[in-house]
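Student: build me a model:
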Amino acid sequence: MLVLSRKKGESIVIQDQIELTILSVEGDTVKVGISAPKHVDIFRKEVYLSIQESNRESVAPQQADLNALIHRLRGSNSVE
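Tutor: Take a look at the predicted model:
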């Protein structure tokens, strides 16, 4: 992990397209402004993790259905 120190009003640039600017520092809270192209998704980490978990949960039943279908298809093709 790269660790940088910045003061209020100072910025960090990532790959020429994303700029992080420190807007304020009050106690334990730092306000960060982010300028990025519209196609770049930006989430707080807890929101991102929640989205990832929801995605995994929505795929799990489909995967189980697919596995059941494959099992049935293999069973119907067996010679008795």
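Student: what strand or helix carries residue 22?
Tutor: Assigned by DSSP states H and E, residue 22 belongs to strand 18-26.
Student: list the buried residues for that strand?
Tutor: Using 16 or more other Cβ atoms under 10 Å as the test for burial, strand 18-26 gives 20, 21, 22. C-betas here are computed from N, CA, C, even on glycine.
Student: any low-confidence regions in the protein?
Tutor: Across the chain, the ranges flagged by pLDDT under 70 are 59-64, 76-80.
Student: show me where it has its helices.
Tutor: With helices called from DSSP state H, the chain shows them at 45-76.
Student: of all residues in it, which one is nearest the centre?
Tutor: Centroid-nearest residue in the chain, with Cα atoms, centre = their mean: residue 48, separated by 4.4 Å.
Student: residues in contact with that residue?
Tutor: For residue 48, the contact set (Cβ atoms under 8 Å, 6 or more residues apart in numbering) is empty.
Student: partner residues bridging the closest residue to residue 14 other than its chain neighbours?
Tutor: In space, not counting the residues next to it along the chain, residue 14 is nearest to residue 20; the distance is 7.2 Å by Cβ to Cβ, 6 or more residues apart in numbering. Taking DSSP bridges as the rule, residue 20 bridges to residue 12, residue 34.
Student: distance of the residue nearest to the centre of the chain from residue 55?
Tutor: Taking Cβ to Cβ, to the nearest Å as the measure, residue 48 falls 11 Å from residue 55.
Student: and stretch 11-21, C-alpha only, in CSV?
Tutor: Output of stretch 11-21 as CSV, limited to C-alpha atoms (Å, rounded to 0.1, in the frame of the first residue of the first chain):
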residue,chain,number,x,y,z
SER,A,11,-4.4,16.5,-4.3
ILE,A,12,-3.4,13.1,-5.6
VAL,A,13,-3.7,12.1,-9.2
ILE,A,14,-4.2,8.5,-10.3
GLN,A,15,-3.5,7.6,-14.0
ASP,A,16,-4.1,11.1,-15.4
GLN,A,17,-7.9,10.6,-15.0
ILE,A,18,-8.7,10.5,-11.3
GLU,A,19,-7.9,13.3,-8.8
LEU,A,20,-8.4,13.0,-5.1
THR,A,21,-8.5,16.3,-3.2
